[in-house]
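this one's structure only:
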DNA sequence: TGTACATCAGTGAACGCGCGTTCACTGATGTAC
DNA sequence: TGTACATCAGTGAACGCGCGTTCACTGATGTAC
């Protein structure tokens, strides 16, 4: 049992609420297991009694939702910083991918928890995904790329889904794959830092642009220009 | 309570063991939640009493390990069939990627459970991964591709890890990303069947080969040959 | 073929535990006069 | 400035529950004679 905390003054209920979220997030990371995060453990960690939690959250799910919300806020903030550090949308997209993986690795247990439930929720997941600021941010950079002609519309657009949404989804998939597998299997030969992430994201960006481009007739110079541009700013882009 | 089952004859303890694994796997898929799989629920599903489980497994973890083992057996078998259906190692790699995603989507809860724990286990994970037949199979196809000159050794080999291991790891990452995110967010605009998986895996194969190839000097015809070959057998490769 | 017996797969009841949540309460904080 | 009082953030004790696991047991199965 930690020391008893001073009672909050009248108007500042919000502060304890934040402390509870902090504690829950800390326990989740510490134990690396969502089942170990109990109302009792969170309360003890904050220095209050279990029932006090219910003054700030309707139930345990409410608390865990808040933890996820906190994570996504931080994620969007990290992606925003990564985006702001670059001008070209390709650099922005790659930087956001790196930031995404890095942020996930910094909060592995929360990340696993946030993506460890099926999407059969009350809230439809499409809306949730679109409302997720992080995904919108990524899709924005990809849209800019399409606008620059890097990713021409495919010959056969699939099911009326915009090409930039498809591509943002694929980039998200790749970043998620790296983050998720690095968390699940940290002892695989990942090499130093984000080497694999960098390589696979770059390969996807390159290959994804080339696939439709060479579909009907292989346009040599165009392919080479594309490749040169993608490879051009390596030194600047490497973080 | 289901009907009481006939007692197994003397030598056939193995059969009930398999039935218990089946039941646990079924419950896991049904509830889509590992916490819902209790010893009691499994026992009731099989038609035995809880203590009988302990005649076949040391404890609950032992049972869940066996469930994962069953999954990985099936996965390797599915990948084997996919591989056997093609001659060219690139076709084999892509087919195995598709089979990986398809098999994961067929057992979403088990997949999530198998990848939902950190690798800080007694068994070192590198060994486990290398012993995993499925990964060895994929790495084999990639090794064949390297042998055919599709993926030349990089100018700067990273940390002494063989290029084919790096590439197999990246392909695994991509397939895992698709499977994992499709399971976690089924309502995203994935399109029909494995469209996104097909696209992103193909893009990775293409871009991954091009990245080192154009590193020092952009070799035009070589790039085009590569691209043509990759795109050549579309009709044959589409499942 | 018939009977006594050893084996051991599975049972029934119970254990201790930690959990999420409730409810009547307490007592420090801030306010009205 | 001093006092009585309302508010409400947090407490303490308890609830019912389902869990993993144990242990002495039962009784069908197979075997020895």
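The structure has been received and is ready for your questions. This structure is a prediction, so every number in the text was calculated from the model and none was measured.

check what contacts the helix or strand hosting residue A:82 and list those residues.
Using DSSP states H and E, residue A:82 sits in helix A:60-84. With contacts defined as Cβ atoms under 8 Å, 6 or more residues apart in numbering or on different chains, helix A:60-84 is touched by A:17, A:20-21, A:24-25, A:28, A:34, A:37, A:39, A:42, A:53, A:57, A:92, A:95-96, A:98-100, A:102-103, A:107, A:110-111, A:113-114, A:132-134, A:137-138, A:141. For the C-beta atoms, the positions are set from N, CA and C on the backbone; glycine is no exception.

are it and DNA strand C in contact anywhere?
Yes. Contact of helix A:60-84 with DNA strand C (Cβ under 7 Å from any atom of the strand) involves A:60, A:61.

which ones among the contacts of helix A:60-84 are found in helices?
Counting by DSSP state H, the contacts of helix A:60-84 place A:17, A:20-21, A:24-25, A:28, A:39, A:42, A:53, A:92, A:95-96, A:98-100, A:102-103, A:110-111, A:113-114, A:133-134, A:137-138, A:141 in helices.

OK, contacts around residue A:42?
Residues near residue A:42 by Cβ under 8 Å, 6+ apart: A:20, A:23, A:24, A:27, A:53, A:63.

tell me the one among the residues you listed nearest to residue B:151.
Using Cβ to Cβ, residue A:27 comes nearest to residue B:151 of the contacts of residue A:42, at 44.2 Å.

ok, and the closest non-adjacent residue to the closest one?
residue A:37 (4.9 Å; Cβ to Cβ, 6 or more residues apart in numbering or on different chains).

please apply the same query to residue A:86.
Nearest residue to residue A:86, sequence neighbours excluded (Cβ to Cβ, 6+ apart): residue A:92, at 4.7 Å.

looking at it, the one you found is touching residue A:98, isn't it?
No. Residue A:92 lies out of contact with residue A:98 (Cβ atoms under 8 Å); the separation is 10.9 Å.

picking that back up, with neighbour count and pLDDT added, can I get the contacts of residue A:42 in JSON lines?
Formatted as JSON lines, those follow (neighbours: other Cβ atoms under 10 Å in any protein chain shown; pLDDT from 0 to 100):
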{"residue": "A:20", "neighbour count": "24", "pLDDT": "97"}
{"residue": "A:23", "neighbour count": "22", "pLDDT": "97"}
{"residue": "A:24", "neighbour count": "26", "pLDDT": "98"}
{"residue": "A:27", "neighbour count": "20", "pLDDT": "97"}
{"residue": "A:53", "neighbour count": "23", "pLDDT": "97"}
{"residue": "A:63", "neighbour count": "21", "pLDDT": "95"}
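
pick out the most distant pair among those residues.
Farthest-apart pair in the contacts of residue A:42 is A:27 and A:53; separation 12.6 Å (Cβ to Cβ).

point to the residue nearest the middle of chain A.
Geometric centre of chain A, nearest residue: residue A:100, 4.5 Å, by Cα atoms, centre = their mean.

any weak-confidence spans in chain A?
Applying pLDDT under 70 to chain A flags the ranges A:1-13, A:118-131, A:152-159, A:210-239.

contacting residues around the closest residue to residue A:39 other than its chain neighbours?
Once flanking residues are discounted, residue A:39 sits nearest to residue A:50: 5.1 Å by Cβ to Cβ, 6+ apart. Shown in contact with residue A:50 (Cβ under 8 Å, 6+ apart): A:39, A:40, A:43.

quick check: the closest residue to the last one other than its chain neighbours vs residue A:85, distance?
The one in question is residue A:43. Distances taken as Cβ to Cβ, 6+ apart put residue A:50 closest to residue A:43, at 4.5 Å, once the chain neighbours are dropped. Counting by Cβ to Cβ, to the nearest Å, the separation of residue A:50 from residue A:85 is 44 Å.

sorry, back to before: distance between the helix holding residue A:82 and the chain's centre?
Relative to the mean C-alpha coordinate of its chain, helix A:60-84 is positioned 9 Å out (Cα atoms, centre = their mean, to the nearest Å).

in that helix, which residues are buried?
The neighbour-count criterion (16 or more other Cβ atoms under 10 Å in any protein chain shown) identifies A:63-64, A:66-68, A:70-72, A:74-76, A:78-79, A:82-83 as the buried residues of helix A:60-84.

I'd say the residue nearest to the centre of chain A and residue A:179 touch.
Yes. Taking Cβ under 8 Å as the definition, residue A:100 is a contact partner of residue A:179 at 6.7 Å.

now do the helix or strand containing residue A:175: which elements does it pack against?
Using DSSP H and E, residue A:175 sits in helix A:163-184. In terms of contacts (3 or more Cβ pairs under 8 Å, 6 or more residues apart in numbering or on different chains; DSSP states H and E), helix A:163-184 is packed against helix A:89-106, helix A:108-114, helix A:133-147, helix A:195-213, helix B:163-184, helix B:195-213.
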